Structures are given as structure tokens and as C-alpha cells.
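S.K.: Sequence and predicted structure are below.
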Amino acid sequence: MRAWSVAIQLVTTRAFETTKAFRPRALTPALTSALSVSTTATDNMCKTTAISEGNPLLQSWASQPFHLPPFEEINPSHFQPALEAAMEAHIADLEAIASSTENDFDSILGAYDRAGSLYSKVGGVYGNYISSLNTPDMQEVQSAMAPILSRHRTKCYNIPGLFEKVTSMYEIREEMANKGEWTAEQVRLAERVYTAFVRMGVKLNEEEKKEYGDIQVELATLQTKFMQNILKDEETWKIVISAEDMAGCPEDLVAAARQAAIDRGHEGEDEYVITLGRSLVEPFLTYSTRRDLRKKAFDAWTSRGELSEERDNLSIATKILRLRKRQANLMGHTTFSNFQTEDTMAQTPENVMNLCMDVWERAKEAANKERAMMESFLSDKGDELEGGIQPWDWRFYAEQVRQANFNFDESELKPYLSLDAVTNAAFDVSNKLYGLKYVKRDDIKAYHKDVNVYEVRRGDEDELVAIFLHDNFSRAHKSSGAWMSEYRTQTKNLPAGADPIDGIPIVSNNNNFAKGSGATLLSSDDSTTLFHEFGHGHHGMLSDATYEYLASTSVLKDFVELPSQLMEHWFEEPVVLKEHAKHYKTGEVVPDELLARLKAASLFNEGFATVEYTACALLDMAVHSLSEYGEDFDLSAFEKKYLAEIGMPQGIVMRHRPAHFAHLFASSSYASGYYVYQWAQVLDNDVFAAFQETGDVFDAATAERCRRFIYSAGNTVAPQDLFKAFRGRDPDTSFFLKNKGMA
């Protein structure tokens, strides 16, 4: 079975990040869905049938194309009763396993993998709605359900007799493998399920179990509030300005600001709006000549989660830290960072810090050189900045230096990077590497008119591989950032008599591009974001596991960004850009000399990008490595003191400051885990080098190995073994450092 929780919105950057929701399987935080309702608990199904009348979430979706959710029929009032019915069915499934007299693999672990299908079906829709369509009504449901769902999750791990059944399978795994009676994937399933139970505290005494469950409930409530506070700040804050105030901004940014004004009810002829959406505020900080307005926008952007006394995310984050510390103590660890890294490739906080600090020192040196170049540029012009280069100045003057020193202006490239062109490029790369074809279905309506639905097919016989939903635009009630999620996860472990379509994944990519009034033009960073999320999408679409628990992105967290960051490399390839980067008005192919200037400028400001990311990763590990959070603990003071200790370069702030650091405080999944983007960069640069070494970035044999070991295997094999199977050795950091200009 596969359980789920609130999606985590992960902001994507060219250097490191994604988006997507990280989704470990089963009873750990996840986003998922499966179709068929529980077939185990007859009595409970009678109850479910009795209350399903009029609730589309509880009815059969067999009449829907590909058994997609009936989006047009769903409203927020349907979720709570559907979730309550699904939880009952889920518990009944697990109790049936615990009380069964059958003790073979399929009766225990196979059934566990299939359990909770109604819960997954409803939860897949719920998780996506609170990320992509989180209206005030949905937020009320979310707040009400957060503690209830947390209690349910704890209860699932503490069904009397269930852990004993799981343990019995775990203890015979090697014996059964040696006899040839279990596959390697079955052994892996036994190990991962057992580990999940242990990490959820099933070995604690009854008093400790109760405390552990109470902690989980309080964390769920606080994390939900933390995310909703960010969403409210992003929804309500804006600058309304005039055309004159847009001085220096390129045409497409002006058009996007005008569209944002119209969307928010500012329809005056000379009204433009800058919001806190990254696709608006970052370009404004890059091009606006108005230093006062840049400062106003930057201050608000970096203060999300603390813009109102009613939305004090710093106090919420402090409470979360204290609860996590106690959670770790209950599990025998002195700090939460020790507990979190125990089940990762890194294994210890020290290994994480060694990598990050090595990169940090190199990144600081690069960033300080970049600031010196900007200061020299200002000096040559005879300009003097009061206070020197401040954080709201960095992007602006970096762009000025890029244009002066490298003759590259991002606005020259954007007309060649329309959303349609970049999407087609991603589809073409997917086809050339993995044989996937995308058939748009305009007749299928999703949850919003801007969402496109595709059939994903493969081979001469057009085998259906997946259904793909592409939700690209920023809008009200949609979380910021970019992410991948699933409504249904790939599996071969279907109940008897199930429709095979129920094992076909339904994968969603969400971005937050500023919608243009005509064509939507993307920056190179935006385009990389699209490719990044598409990489996560491939992890779901190409999944080829027997058991849903091990399928798709349910890998260790420091492996999950490898498939996404790997896909980014193809966007930068000239062969891809020359085929697809065409002027949105004239159809002209992007000129070679523009691509040459792009390449020459590509490493400039990488020091800045690496510093603002790595500072976040270091602070994440540092704050979760504290053994005490006293009554006088001040998270803002800790941030300031720690950044001073590690030598944060002047003029740069953390990419995610604590009050809006959703990776850390909207869920526990990336807490003590923000380093994973950098860890995965070591892997993805090494994997892409394997393609380059063949002389063909679309080399068929390498692509097939990549499909098999990177995209299709899920968690059926330990990640370090998958990498070795692909590359024939352990990872080599030299490719990463070289490509960052830090060798």
C-alpha cells in the first residue's frame, strides 16, 4: 500500500533544486493514488458504499478516461467524509493481515503493499488539491484533517500483531533468497517495510508510543500552519506600480506584470503588479533600475512567513525543532540530524557537512570574485552605491556585468524559449532517450483550465506507459515553487480481477511560470526547472517495480534528485536548442553566436547561486544538530550568528530564510536533508559524463542503462548499488566541481 500526506513544494533553481514532492512510500509522508477500493474488509466496504452516494471520491472511476479522478465533480466538501471512510477501510485491511492465519510472503508483504487502496485513491487527489488548488475552503479541510491523518498514520503502525507479521518476513529474508524462493525485490521490500516500522517507534514502550504519536500530531498541525502562512503572504502581498516604475524591465516581464495586475483586479491602463511569485520577483530584481522598488520587493520576498504578526512562522519553526529533538531522543538519538541521516546514502551528519563545507569554501571564493567584478564595474562607471552592493542589488548588477563582460543579455534568449518550444524540446528528448511519445488530450478536463493532459505511449504498438498532467502557471491558491506528484503510482501487484489500467501511473508536474498575455516566454532558469520536474516525472512514468511500495520516487532522499537534475543537462545541449529554440514570432532558429555567448556566460554568478543554496543546507544541518533549544532560543539570532561564523559573503542571503523554509518546516521529509540537491549533483554530473564519453548525448546503449538503473528501478535496489551498476564504480566528485567552475 501507499499512504500519503501534504505535498512539499520545492522551489527549483538552475543550480540545485526541484520541485517536486518527495514521497517515501507506504506509511511515510507521500503523495499517491491507486484506484480500486479495499477488497479485504467486507463489513467496512458496506459502510463505505452506504456513504458514497453523491461523493465522487468514493465512487468508481471506471467510466472516466484511464480511471482519472472525476475532477469536474469534486469540491472541498467531499474530502473529509471520503478520507474518513478511506481510513476505516485502510485499518480494516491492515487488521486482516495481522489476524490472518496465512504467513507466506503474499499474505503479509504482498497484501501490505496492496492495502489501503481507497485511502491512496482519495489521498492522491487530496494531496494534489492542497498543493495546486488550495482555496480557503480546502485550507479549512486541510487544517481540520492534519491531526486526524497523523493519528491515522500512527495507528497504522501499531495494529496489534502487524509488526510481528512484518518481523517474521524480515527475519527469513536471507534464508528465502538463498533458497531461490524470494526475488531480490522481495527481500528489499521486507527490509524497507521493517525499517519504516522501526523508525515509526513500534519498538517503544506504550507510554513512549503515545508520546511519539502525540508529537506526530502536533508536528502535522504546526507544519500545515507553517505552509498556509507562506501561502497567505504570497497571496496577499503585491506592489502596484506604473509603466514608468517598470524602467529597465524587458517586454515580456512588463507583459507578465500587466497580466498579474489584471488577474488581481487592477485593470487601470497604467497598473502593473509584482507579486512574491519567483517568476515575477526574481526578474524584477534582475532588471529594474529602481533600487528603492527592488529593496521593497526583496525585503518582502525574503520575509515571507513573518510579514504579519498573525502569521509568525519563526515561533512555529521553533516549536517544530523542539518536537523533532524529542522525537529523536525517543528513538535513541541525541539530535534530529542523527536520526534523519541514519536512513540515507550519507548516513551521518558529518558526511553531509564534509561535502557541503568543501563546496562552501570554493563557492565563497567564487562569489567574492563575482562581487569584486561588480564593484569594479561600478567604479569604472563612476557610480557609487550607498552601503555598497546589497542583496537587492546583486542580481541587478550581476546582469549588468554579464552583459558588459560576456555580451549576453538573458532577454535576448527568452523569445526563443516559449513555453511551447521548451515543452516540445523536453518531449523530444524523452522520445530520443526512452522512446516515449506524448499525445495531448484536449477533451479530458483536469482540475483547472490551464492543466494539459497527455497520454504517454511507447514502442511500435503504442503501449500506454503513463498519463501526464502538466500544470505550468502561477495562480492564486497554488503553492509556490515547482514539484512532481502522482495521483496513481505504477505497480504490478494488483488485486485479483483488477483492471490493468490501475497499475499505470498518473504523474503530475507543477511549475509556477508567470503567464504571458500572449506567448509565455521562459528564462533559461525557468526552462531548466521544466526539464528538472520532467526528470522527476520520468522517475514516475518509467517506473518498473513489482511492488508499489518500492516504485517511482520512493528512493532514499539523497538519490531522489538524481533523475531530475540529470534531465536538466539536455536542455543545455546545443543539439537540443538548435532544434527547438525558435523565435516565438518569426520561427527563426536561435543563432549560434547567441548560444556561444550563453555558454561563455554560463558559469558567471555560479558562486552566488551555490552560496545561497549551500548556506541553506549548512544551516539546516546545523540547527537540527543542536541538542537543546532553550526557552530563550531565537531562530533569527541563530541564523545571523551561524552565517557570520561560516563567513557568509556580503550581499547574499540564504535562498530560503527560516520563516519560509518550507523544505524544513512544512514537512519533515527534507529536514536535515536539504543537502540532497548537492549530493545528487555529484551523481548527476557523473552520470551525464557517461553519455558525453560516448560522443553522443543520445547514445542508445547508455540511455537504456540509464532507464534501467536510474529511472525504472525505484527502490527495488539500494541506491549506491544502482549507481555502481550504471557506472561500474563509486561516484566521482570531479565532474561536479568541473561543471561548477570550482575544480
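M.R.: Now that the structure is in, tell me what you want to look at. Numbers count the residues shown, from 1 in each chain.

S.K.: So what's the gap between the longest helix anywhere in the chain and the chain middle?
M.R.: When the chain is parsed with DSSP state H, its longest helix is helix 349-381. Offset of helix 349-381 from its chain centre (Cα atoms, centre = their mean, to the nearest Å): 26 Å.

S.K.: cool, stretch 736-743 as well?
M.R.: Chain-centre distance of stretch 736-743: 25 Å, with Cα atoms, centre = their mean.

S.K.: Ok, stretch 255-275 next?
M.R.: 29 Å.

S.K.: averaged over its residues, what pLDDT does that stretch have?
M.R.: For stretch 255-275, mean pLDDT is 94.

S.K.: Please identify the buried residues of that stretch?
M.R.: Within stretch 255-275, the residues scored as buried using 16 or more other Cβ atoms under 10 Å are Ala255, Ala256, Ala257, Arg258, Gln259, Ala260, Ala261, Glu271, Tyr272, Val273, Ile274, Thr275. Glycine gets a C-beta too; all of them are placed from N, C-alpha and C.

S.K.: Next step: the residues you listed restricted to strands.
M.R.: Under the assignment DSSP state E, the buried residues of stretch 255-275 contribute Tyr272, Val273, Ile274 to strands.

S.K.: Packing partners of the longest helix of the chain?
M.R.: helix 336-341, helix 391-406, helix 606-623, helix 676-693 (3 or more Cβ pairs under 8 Å, 6 or more residues apart in numbering; DSSP states H and E).

S.K.: Reformat these into CSV and put mean neighbour count, mean pLDDT and distance to Tyr487 next to each item.
M.R.: Formatted as CSV, those follow (neighbours: other Cβ atoms under 10 Å; pLDDT from 0 to 100; distance: least, Cβ to Cβ, whole Å):
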stretch, mean neighbour count, mean pLDDT, distance to Tyr487
helix 336-341, 24, 98, 28
helix 391-406, 19, 96, 37
helix 606-623, 24, 97, 30
helix 676-693, 22, 97, 24
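
S.K.: closest to Val456 out of the ones you listed?
M.R.: Proximity to Val456 (Cβ to Cβ) singles out helix 676-693 among the helices and strands packed on helix 349-381, at 22.3 Å.

S.K.: from memory Ala317 sits against His656, does it?
M.R.: No. At 11.6 Å, Ala317 does not count as touching His656 under the criterion of Cβ atoms under 8 Å.

S.K.: hey, what's in contact with both of those two?
M.R.: Common neighbours of Ala317 and His656 are listed as Leu664 (criterion: Cβ atoms under 8 Å, 6 or more residues apart in numbering).

S.K.: quick one on the thing from earlier: which of the ones in strands among the buried residues of stretch 255-275 sits closest to His67?
M.R.: Using Cβ to Cβ, these come closest to His67 at Val273, 40.2 Å.

S.K.: tell me the contacts of that closest one?
M.R.: Counting by Cβ under 8 Å, 6+ apart, Val273 has contacts Lys238, Ile239, Val240, Ile241, Ala257, Ala260, Ala261, Arg264, His266.

S.K.: can you name the two of the residues you listed that are farthest apart?
M.R.: So, those by Cβ to Cβ: farthest apart are Ile241 and Arg264, at 12.8 Å.

S.K.: And the nearest residue to Trp360 once chain neighbours are set aside, how far from Ile320?
M.R.: Leaving aside its chain neighbours, Trp360 sits nearest to Thr614 (5.0 Å; criterion: Cβ to Cβ, 6 or more residues apart in numbering). Here the criterion is Cβ to Cβ, to the nearest Å. By it, Thr614 lies 23 Å from Ile320.

S.K.: same deal with Gly695?
M.R.: From Gly695 over to Ile320 the distance is 50 Å, taken as Cβ to Cβ.

S.K.: Looking at the two now, which is surrounded by more residues?
M.R.: Ile320 (23 against 7; other Cβ atoms under 10 Å).

S.K.: For that one, give me its contacts.
M.R.: Leu219, Leu222, Gln223, Phe226, Phe665.

S.K.: Past the helix or strand hosting the first one, which element shows up next along the chain?
M.R.: Applying DSSP states H and E as the criterion places Leu219 in helix 206-236. Later in the chain than helix 206-236, the nearest helix or strand by DSSP H and E is strand 239-241.

S.K.: Tell me, how many residues neighbour Glu175?
M.R.: Glu175, neighbours per other Cβ under 10 Å, totals 10.

S.K.: Give the buried residues for stretch 423-439.
M.R.: Thr423, Ala425, Ala426, Phe427, Val429, Ser430, Lys432, Leu433, Tyr434, Gly435, Leu436, Tyr438.

S.K.: State the phi and psi torsions of Asn512.
M.R.: phi -140, psi 60 (degrees, to the nearest 10).

S.K.: Please look at it and Ala476 and confirm they touch.
M.R.: No. Under the criterion of Cβ under 8 Å, Asn512 makes no contact with Ala476, lying 11.7 Å away.

S.K.: Pick out whichever of the two has more residues nearby.
M.R.: Asn512 (27 against 13).

S.K.: Nearest residue to that one in space, ignoring adjacent ones along the chain?
M.R.: Once flanking residues are discounted, Asn512 sits nearest to Ser474: 4.1 Å by Cβ to Cβ, 6+ apart.

S.K.: Which residues are in contact with the one you found?
M.R.: Thr275, Gly277, Ser279, Leu280, Ser480, Asn512, Phe513, Ala514, Lys515.

S.K.: Farthest pair within these?
M.R.: Ser480 and Lys515 (14.5 Å).

S.K.: and those two? which has more neighbours close in?
M.R.: Ser480 (21 against 18).

S.K.: now what about the strand or helix carrying Val422, what contacts it?
M.R.: Secondary structure from DSSP H and E places Val422 in helix 419-434. Contacts to helix 419-434, defined as Cβ under 8 Å, 6+ apart, come from residues 436-438, 458, 470, 472, 513, 519-522, 526-527, 530-531, 534, 538, 542, 567, 570-571, 576-577, 579-582, 584, 698, 703, 706-707, 711.

S.K.: are any of the residues you listed buried, and which?
M.R.: 436, 438, 458, 470, 472, 513, 520-522, 526-527, 530-531, 534, 538, 542, 567, 570-571, 576-577, 579-582, 584, 698, 703, 706-707, 711.

S.K.: Mark which of those residues are part of helices, please.
M.R.: Of the positions in these, 526-527, 530-531, 534, 538, 567, 570-571, 576-577, 579-580, 703, 706 sit in helices, assigned by DSSP H.

S.K.: Looking at these, spot the one nearest Gly651.
M.R.: Of those, the one sitting nearest to Gly651 (Cβ to Cβ) turns out to be Asp526, at 24.2 Å.
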